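Colleague: Provided below are the primary sequence and the corresponding predicted coordinates.
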Amino acid sequence: MYRETARSCPACASPMREVELRLRGGGGTGIDLCDSCGGVFLEFFDGEPVALSRRLLPALHPTRPGTPSAGDELDCPDCRTPMVEQPYLRRGPAIARCESCMSVFATRPQLQELAEFRIPEDGGAEPTWADALAERLAGIFQRSPEED
């Protein structure tokens with residue numbers, strides 16, 4: 001554990017469990033899971049949320065009754081700044097993002113929506129720098145070790 005104490009879940013205030021997630025290419029990242037409500041807290045440098053949600057979903061327990069719903073007011077467990085729910089990359093599923101540290105919190109249903117999210121091949125609208133970054137990060141996390 002790289003922290004002295006566990007983070008509190010922004011949705012239900014239960015202690016979150018730090019889990020090491022191994023990424024393709026041999027790297028890893030520590031993410032925070034709430035066993036009480038099924039929420040996931042991702043710091044900005046943990047990785048691209050769509051790629052991480054695809055890796056996380058198979059390993060998560062089923063959601064339990066009382067799972068927070070989208071739209072609940074949440075505070076970032078790191079900054080204590082209110083998290084703002086907004087569409088991921090302006091056209092994806094809505095997730096809570098801290099505008100101070102750029103961390104995100106997603107409920108189990110939101111993780112499912114993130115895992116299913118695909119950027120349209122035509123880009124829909126003119127791609128933004130965030131679109132380009134997301135595609136680049138997704139490519140890094142989806143490469144096999146042989147490609148490195």
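Modeller: Received the coordinates, thanks.
Colleague: look at residue 108 and say how many residues are nearby.
Modeller: Around residue 108 there are 22 other residues, counting by other CB atoms under 10 Å. Yep, even glycine has a C-beta here, placed from its N, CA and C like the rest.
Colleague: confirm for me that it is in contact with residue 38.
Modeller: Yes: contact status for residue 108 versus residue 38: in contact at 4.2 Å, counting by CB atoms under 8 Å.
Colleague: can you show me the strands along the protein?
Modeller: Secondary structure of the chain (DSSP state E): strands at 17-22, 28-33, 40-42, 74-75, 82-87, 94-98, 104-106.
Colleague: would CSV of the ones you listed with distance to residue 6 and mean neighbour count be doable?
Modeller: Shown next, in CSV, are the strands of the chain (distance: least, CB to CB, whole Å; neighbours: other CB atoms under 10 Å):
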stretch, distance to residue 6, mean neighbour count
strand 17-22, 7, 13
strand 28-33, 8, 18
strand 40-42, 11, 26
strand 74-75, 16, 19
strand 82-87, 18, 15
strand 94-98, 18, 22
strand 104-106, 15, 26
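Colleague: so for residue 54, which of the ones you listed sits nearest?
Modeller: Of all the strands of the chain, it is strand 17-22 that lies closest to residue 54, at 11.3 Å by CB to CB.
Colleague: report all helices and strands that the closest one contacts.
Modeller: strand 28-33, helix 49-56 (3 or more CB pairs under 8 Å, 6 or more residues apart in numbering; DSSP states H and E).
Colleague: which of these comes out lowest on mean pLDDT?
Modeller: Of all the helices and strands packed on strand 17-22, the minimum mean pLDDT falls on strand 28-33 (a mean of 82).
Colleague: packing partners of that strand?
Modeller: strand 17-22, strand 40-42, helix 49-56.
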